[in-house]
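Asker: I need the structure of the sequence given here:
(2 chains)
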Number of protein chains: 2
Amino acid sequence: MSAADRFSFNHATAKFWDQREAVEACARTGAGIGLWREPVQEMGLAATAKLVKDAGVEVTSLCRGGFFTDPTPAAIADNKQAIDEAAEVGAPTLVLVSGGIPDGGTIDTAREGVKDALDQLAPYALAQGVTLAIEPLHPMFASDRCVVATLAEALDLAAPFAPEAVGVVVDTYHLWWDPQVWQGIARAGREGRIASFQFADWITPLPAGVLTGRGQLGDGCIDFKRYLAEVDATGFTGPIEVELFNDTLWSRPGPEVFQETKAAFERVTA
Amino acid sequence: MSAADRFSFNHATAKFWDQREAVEACARTGAGIGLWREPVQEMGLAATAKLVKDAGVEVTSLCRGGFFTDPTPAAIADNKQAIDEAAEVGAPTLVLVSGGIPDGGTIDTAREGVKDALDQLAPYALAQGVTLAIEPLHPMFASDRCVVATLAEALDLAAPFAPEAVGVVVDTYHLWWDPQVWQGIARAGREGRIASFQFADWITPLPAGVLTGRGQLGDGCIDFKRYLAEVDATGFTGPIEVELFNDTLWSRPGPEVFQETKAAFERVTA
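Answerer: Below is the predicted model of the structure:
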């Protein structure tokens, strides 16, 4: 299976594009799709499940659970609901972004909160047949969005659980700077933890709005062929999602962004 | 020696303040000073050396060498000159920021360039009695300013050399997100590599100009008391430099910034 056949379009890349149209574009081109909870809830769970099933489109992940560094009952309940949603739309994986430092806490207490939340959620996910995918985010997001900052840390957090229950996301944008990333990918493969593989590029200078400044594939400094080779070497053969949070892309028509992104993916993996 | 007695004011915290006035303020309060090459060159090396000597002010570092991921003869020559300057003004340490990814290279080739540069510079530094201090920068600077992104990586780079020749900078701003930072500090102490200890705070949301958005001590999420305790536990008793790149601070009068910074340092370490 060539890399081009593993392309999955994360809906956030064309955030304001109608979910139905996005799924139909994926169907026409054989792409998978990464869905987001808000548009799924807006269309309705059953309607979304029917849409992707009728279109024959593989749902590669549901984004996004997490934000449980302060694992309140409400946060846990919301994550259980996200697991239910993933199961209902046929997503094998729920992506988890841990959240930042809670009021009055430190990054160390926040990390303890993540462990606590995983303890509560992993059995539920396993029972629902959904793998929780811990996503390490770039360290510039560590205070407000995700205290899990490296692949090694995500793997350590996943270690107490079965790989079917808890895995990790390998996202080039978040990990490319890490001198330990190749060892981390090898370890993730060895431990059966690669639950999601995502591409986005890092552009320089960093755009002012760092949350929405991910680069189109090929526009930045990331060596995607090497990522592909290193992940392939672990035996992982799953989909590769392209997820770009980018204000400029979001201002453009979805069909155009989809075509451009698919072409860029084929270029950087060819 | 209390932490308050270890305060050193990095001149970049009040970047546009006259160097002589900054040194005089340090002299009046018993503070050390971290100098920068540009103002030192502007005043002249001999004049700067006389200024700090007459004032009885300890020079805790000279900033900044590095930018040698493409270790051209010109880059090596400039770093040798920086070593000479450090020796002449009595700075025990030259801070090195490695530089980013050179044209046509990758982060991996850039890291090889750093090793090559250190091979060329370490014997020269040792002969001049100056310790090169490799500074890992926050990973958001990895593409354009510093491919050395973790303390562990800096220690690995320093390992082939005598600790008198090559050490590391422990800067809270750049390292606070790292789940391995406490182990890294313990290792740095054990290996005798702490050549500079710097404070700056991480504020949320991250300011738009990420290079100049370092927070005043106490305004962000960093637990300075813990950093102090962990570094103290290694036996390190050297100065603690406060280095804040911050547009708002830079727009204010130097004496005011100095007083505020000294007071903030005393608060977060008390």
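Asker: contact partners of the lowest-mean-pLDDT helix or strand in chain A?
Answerer: Within chain A, no helix or strand scores below helix A:247-250, which has a mean of 95 by mean pLDDT, DSSP states H and E. Outside helix A:247-250, the residues that touch it by Cβ atoms under 8 Å, 6 or more residues apart in numbering or on different chains are A:13-16, A:207, A:209, A:212-213, A:216, A:257, A:261. Heads up, the C-betas are built off the backbone N, CA and C, glycines and all.
Asker: Among these, which lie within helices?
Answerer: A:257, A:261 (DSSP state H).
Asker: Can you say which of the contacts of helix A:247-250 are buried?
Answerer: For the contacts of helix A:247-250, a burial check counting by 16 or more other Cβ atoms under 10 Å in any protein chain shown picks out A:13-15, A:207, A:213, A:216, A:257, A:261.
Asker: The helix or strand hosting A:Ala47: how far from the chain's middle?
Answerer: With elements taken from DSSP states H and E, the one containing A:Ala47 is helix A:45-55. Centroid separation for helix A:45-55 versus its chain: 21 Å, with Cα atoms, centre = their mean, to the nearest Å.
Asker: Tabulate the CA atom coordinates of it in PDB.
Answerer: Taking Å, rounded to 0.1, in the frame of the first residue of the first chain, the C-alpha atoms of helix A:45-55 are listed here in PDB:
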ATOM      1  CA  LEU A  45     -24.200  11.000  15.800                       C
ATOM      2  CA  ALA A  46     -26.500   8.600  13.900                       C
ATOM      3  CA  ALA A  47     -26.600  10.900  10.800                       C
ATOM      4  CA  THR A  48     -22.700  11.100  10.800                       C
ATOM      5  CA  ALA A  49     -22.400   7.400  11.200                       C
ATOM      6  CA  LYS A  50     -24.800   6.800   8.300                       C
ATOM      7  CA  LEU A  51     -23.000   9.500   6.200                       C
ATOM      8  CA  VAL A  52     -19.600   7.900   6.500                       C
ATOM      9  CA  LYS A  53     -20.900   4.300   6.100                       C
ATOM     10  CA  ASP A  54     -22.900   5.100   3.000                       C
ATOM     11  CA  ALA A  55     -20.000   7.000   1.500                       C
END
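Asker: Which SSE is immediately downstream of it?
Answerer: Where DSSP H and E defines the elements, the next helix or strand beyond helix A:45-55 is strand A:59-66.
Asker: Check the model's average confidence along the helix or strand following that next one for me.
Answerer: As assigned by DSSP H and E, the chain's next helix or strand after strand A:59-66 is helix A:73-89. Throughout helix A:73-89, pLDDT has a mean value of 98.
Asker: Just give me how far helix A:73-89 sits from the chain centre.
Answerer: 16 Å.
Asker: Going by neighbour count, which residues in the least confident helix or strand of chain A are buried?
Answerer: By 16+ other Cβ under 10 Å, the buried positions in helix A:247-250 come out as A:249-250.
Asker: Alpha carbons only: can I get it in CSV?
Answerer: Extracted in CSV, the C-alpha atoms of helix A:247-250 (Å, rounded to 0.1, in the frame of the first residue of the first chain):
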residue,chain,number,x,y,z
ASP,A,247,-5.8,30.7,9.4
THR,A,248,-5.0,31.2,5.7
LEU,A,249,-6.3,27.7,4.8
TRP,A,250,-9.4,28.2,6.9
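Asker: Now do the helix holding A:Ala47 against helix A:73-89, angle only.
Answerer: Put simply, helix A:45-55 runs at 30 degrees to helix A:73-89, going by axes from the mean of the first three to the mean of the last three Cα atoms, to 10 degrees.
Asker: which helices and strands sit right next to helix A:45-55?
Answerer: Where contact means 3 or more Cβ pairs under 8 Å, 6 or more residues apart in numbering or on different chains; DSSP states H and E, helix A:45-55 is packed against helix A:19-29, strand A:32-36, helix A:73-89.
Asker: now for the ones you listed, which one comes closest to B:Val231?
Answerer: Across these, B:Val231 has its closest neighbour in helix A:73-89 (34.7 Å, Cβ to Cβ).
Asker: got the buried residues for that closest one?
Answerer: Neighbour-count burial for helix A:73-89 flags A:75-76, A:78-80, A:82-83, A:85-89 (criterion: 16+ other Cβ under 10 Å).
Asker: I'd like these written out as TSV, with distance to A:Glu42 added.
Answerer: Listed next are the buried residues of helix A:73-89 as TSV, based on distance: Cβ to Cβ, whole Å:
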residue	distance to A:Glu42
A:Ala75	22
A:Ile76	24
A:Asp78	17
A:Asn79	20
A:Lys80	20
A:Ala82	15
A:Ile83	19
A:Glu85	12
A:Ala86	16
A:Ala87	19
A:Glu88	15
A:Val89	13
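Asker: and stretch A:114-129, how far out from the chain's middle?
Answerer: Counting by Cα atoms, centre = their mean, stretch A:114-129 is centred 18 Å from the centre of its parent chain.
Asker: right, is that stretch up against chain B?
Answerer: No - against chain B, stretch A:114-129 shows no contacts by Cβ under 8 Å from any Cβ of the partner chain, the least distance being 10.9 Å.
Asker: ok, which residues in the stretch 151-270 of chain A are in contact with chain B?
Answerer: Counting by Cβ under 8 Å from any Cβ, the residues of the stretch 151-270 of chain A that sit close to chain B are A:152-153, A:176-180, A:202, A:204-206, A:208-210, A:220-221, A:223.
Asker: Selection in PyMOL covering whichever of these are buried, please.
Answerer: To isolate the buried members of those in PyMOL, using 16+ other Cβ under 10 Å:
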select buried, chain A and resi 152+153+176+177+178+179+180+202+204+206+210+220+221
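Asker: So which residues of the stretch 151-270 of chain A form strands?
Answerer: For the stretch 151-270 of chain A, strands defined by DSSP state E, counting those that start in this stretch occupy the ranges A:166-171, A:194-199, A:240-242.
Asker: can you put the ones you listed in JSON lines and add mean pLDDT and mean neighbour count?
Answerer: Output for the strands of the stretch 151-270 of chain A, formatted as JSON lines (pLDDT from 0 to 100; neighbours: other Cβ atoms under 10 Å in any protein chain shown):
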{"stretch": "strand A:166-171", "mean pLDDT": "98", "mean neighbour count": "28"}
{"stretch": "strand A:194-199", "mean pLDDT": "98", "mean neighbour count": "26"}
{"stretch": "strand A:240-242", "mean pLDDT": "98", "mean neighbour count": "27"}
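Asker: mind checking which of the ones you listed is nearest A:Thr29?
Answerer: strand A:240-242 (12.8 Å).
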